[in-house]
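S.K.: Requesting a structural model of the entry that follows:
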Amino acid sequence: MSPSVAGLAAGPWYRRAIVMARVGASMALADRARFVGTVLGVVFSVVLAVQQLGILFGLLQKNTMFVDNAGAEVWIAPPGAELFVAGQPISETALRVARVTEGVAVASPLVATGGSVKRPDGGSEGVTLVGTDTTTWLGGPWNLVAGGREALLSPDTLVFEESEREQYGGMNLGSRREVNGRLVTAGGFTWGLLPFGPPYTFGDIDTVRELAGAPATRVDFVLVTVSPGHTPDEVAARLADALPDLTVITTSSFHDRIVSTLLREQLGVSFGTSTSFGLLIGLVVVALSMFSSVIDNLREFGTLKAVGCTNGDLTVLVLSQSVLFAVVGSLTGLFLATGMASGIRSAKLAVIVPTWLVASVPIVMLVMCLFASVLALGRVRRLEPGMVFR
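M.R.: Residues are numbered from 1 along each chain as shown. Predicted coordinates:
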């Protein structure tokens, strides 16, 4: 027994805590196989949880990106709209009302409808046709990687999704394809604009109406910007009073509604279950490893009690091991998880690992490891120092 441990009884509390933490770390590192196994359990939890949450955030972002990037501050949408999808057109009256409402700077129509691109081999690929008013550019396109949005000013010209070029038969700038039975020209390409449904394909609003065989007055959404001196909430309230049969909602609220709808109806249970499973696996691995360590070192713990260590001292020892497992496992897991997220990033799958998630992982794992030490602590506290002499 080292003099530092043997003389603990007369030492101040902070010195006792430091010494016991060092002893705990030494005991954890002494059995390298058990240490590596326990850390790997924490790493598995971190990687699985971060990857699942990163994929979840990526899927949510893909379905909120249109609302986030359209440039509007207030949306007028069909009744009960919970997602940005092609649906029931609304009356053009909504556009006229918006343009004369106090606080509205710009009110721009938007058309969103289904379509298909005919490939040279005779097959077809689905698209979501988005018709934007090219006098305001509210509603896109954005994230262009080739060409420019001004290409939409040319007749029968669309902007397609770059990651789908091969699906459209090796499409390039200037390529001609049939969309809904009509020849159009590829005037540009966006990157990553792939929601749950078919990729967004942008065109001038009149061009998209013609491709959809819709009347020249068709409107699916009205996008509104707010004049200086007014707030989106104020303008939304005025529009809601004037258009009681439609959904009038601010951009931030529409974003939140989409997220809550997806979590409630499709994604929440699936990703919540897999994330919880990863944390549970880590909890079980750490708990069993620490309890096994205590059982294998009962005589050592009994010796510590015999030389004057209290239950509080041994609690510090065990918890210091939990902290060590949590820190090493969290940092290693985050390194692997963020590297994997960068490696698998593509236009179709974006794994988003926000800074707040990276910062919170060590805290969550620390709490998990401390909780996992409860079983080991219970055994240590019941230990009789006299067992050393048996």
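S.K.: Next one: S91 relative to P78, how far apart?
M.R.: For S91, the distance to P78 equals 10 Å [CB to CB, to the nearest Å]. No exception for glycine: its C-beta is placed from N, CA and C like everyone else's.
S.K.: Please apply the same query to I205.
M.R.: Taking CB to CB, one finds I205 at 17 Å from P78.
S.K.: And these two? Which one has more around it.
M.R.: Shown here are I205 and P78; by other CB atoms under 10 Å, I205 has more neighbours (22 against 16).
S.K.: Excluding chain neighbours, give the residue nearest to the more buried one in space.
M.R.: Closest residue in space to I205, ignoring its immediate chain neighbours: G131 at 3.7 Å, by CB to CB, 6 or more residues apart in numbering.
S.K.: Give the partner strands of the helix or strand that contains that neighbour in its sheet and their orientations.
M.R.: Using DSSP states H and E, G131 sits within strand 124-132. Applying DSSP bridges, strand 124-132 is found paired with strand 104-118 (antiparallel), strand 200-204 (parallel).
S.K.: So for it, what gets flagged as buried?
M.R.: Judged by neighbour count (16 or more other CB atoms under 10 Å), strand 124-132 contains these buried residues: S124, E125, V127, T128, L129, V130, G131, T132.
S.K.: Most widely separated two among those?
M.R.: Farthest apart among these by CB to CB are S124 and T132. That separation is 23.6 Å.
S.K.: what residues are up against the residue sitting nearest the centre point of the chain?
M.R.: Closest to where the C-alpha atoms of the chain average out (CA atoms, centre = their mean) is F57, at 1.5 Å. F57 is in contact with V351, I352, V353, P354, counting by CB atoms under 8 Å, 6 or more residues apart in numbering.
S.K.: Now for the residue nearest to I205: which residues touch it?
M.R.: Counted by CB under 8 Å, 6+ apart, G131 has contacts L110, V111, A112, T113, F202, G203, D204, I205, D206, T207, V208, R209.
S.K.: which of these are buried?
M.R.: Burial by neighbour count, judged by 16+ other CB under 10 Å, picks out L110, V111, A112, T113, F202, G203, D204, I205, T207, V208, R209 from those.
S.K.: Beta-bridge partners for the first one, please?
M.R.: In this structure, L110 bridges to T132, F221 when assessed by DSSP bridges.
S.K.: Isn't it up against V222?
M.R.: Yes. Assessed by CB atoms under 8 Å, L110 is found in contact with V222 at 7.2 Å.
S.K.: low pLDDT regions in this protein?
M.R.: Within the chain, the segments meeting pLDDT under 70 span 1-13, 266, 268, 297-298, 301, 307-308, 383-390.
S.K.: Report the next helix or strand after the longest helix seen in it in sequence order.
M.R.: The longest helix of the chain (DSSP state H) is helix 32-69. For helix 32-69, the following helix or strand on the C-terminal side (DSSP H and E) is strand 74-77.
S.K.: ok now that following strand, how far from the chain's centre?
M.R.: 25 Å (CA atoms, centre = their mean, to the nearest Å).
S.K.: same check, this time on stretch 43-57
M.R.: Averaging C-alpha positions (CA atoms, centre = their mean) puts stretch 43-57 10 Å from its chain's average.
S.K.: The chain: helices as residue ranges?
M.R.: Under the criterion DSSP H, the chain contains helices at 3-6, 13-30, 32-69, 93-99, 205-212, 232-242, 251-262, 268-296, 298-306, 311-343, 355-372, 374-381.
S.K.: Out of those, which is closest to G147?
M.R.: helix 205-212 (15.4 Å).
S.K.: circling back to that earlier point, indicate which one of the strands paired with strand 124-132 is closest to V327.
M.R.: strand 200-204 (43.6 Å).
S.K.: Contacts made by that closest one with the rest, please.
M.R.: Residues contacting strand 200-204 (CB under 8 Å, 6+ apart): 66, 115, 117, 127-132, 134, 140-141, 149, 152-153, 157-161, 179, 184, 190, 193-194, 211.
S.K.: try stretch 264-278
M.R.: Stretch 264-278 is contacted by residues F44, S45, V47, L48, A49, Q52, L53, I55, L56, L59, L60, L262 when judged by CB under 8 Å, 6+ apart.
S.K.: Including neighbour count and distance to L239, could those residues go into a markdown table?
M.R.: As requested, the contacts of stretch 264-278 are exported to a markdown table (neighbours: other CB atoms under 10 Å; distance: CB to CB, whole Å):
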| residue | neighbour count | distance to L239 |
| --- | --- | --- |
| F44 | 17 | 51 |
| S45 | 29 | 47 |
| V47 | 20 | 47 |
| L48 | 19 | 45 |
| A49 | 25 | 42 |
| Q52 | 20 | 39 |
| L53 | 22 | 36 |
| I55 | 19 | 36 |
| L56 | 21 | 33 |
| L59 | 20 | 30 |
| L60 | 18 | 27 |
| L262 | 19 | 25 |
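S.K.: For G103, which residues are in contact?
M.R.: Applying CB under 8 Å, 6+ apart, the residues near G103 are V226, S227, G229, H230, E234, V235, R238.
S.K.: Of those residues - the most surrounded one?
M.R.: V235 (24 neighbours).
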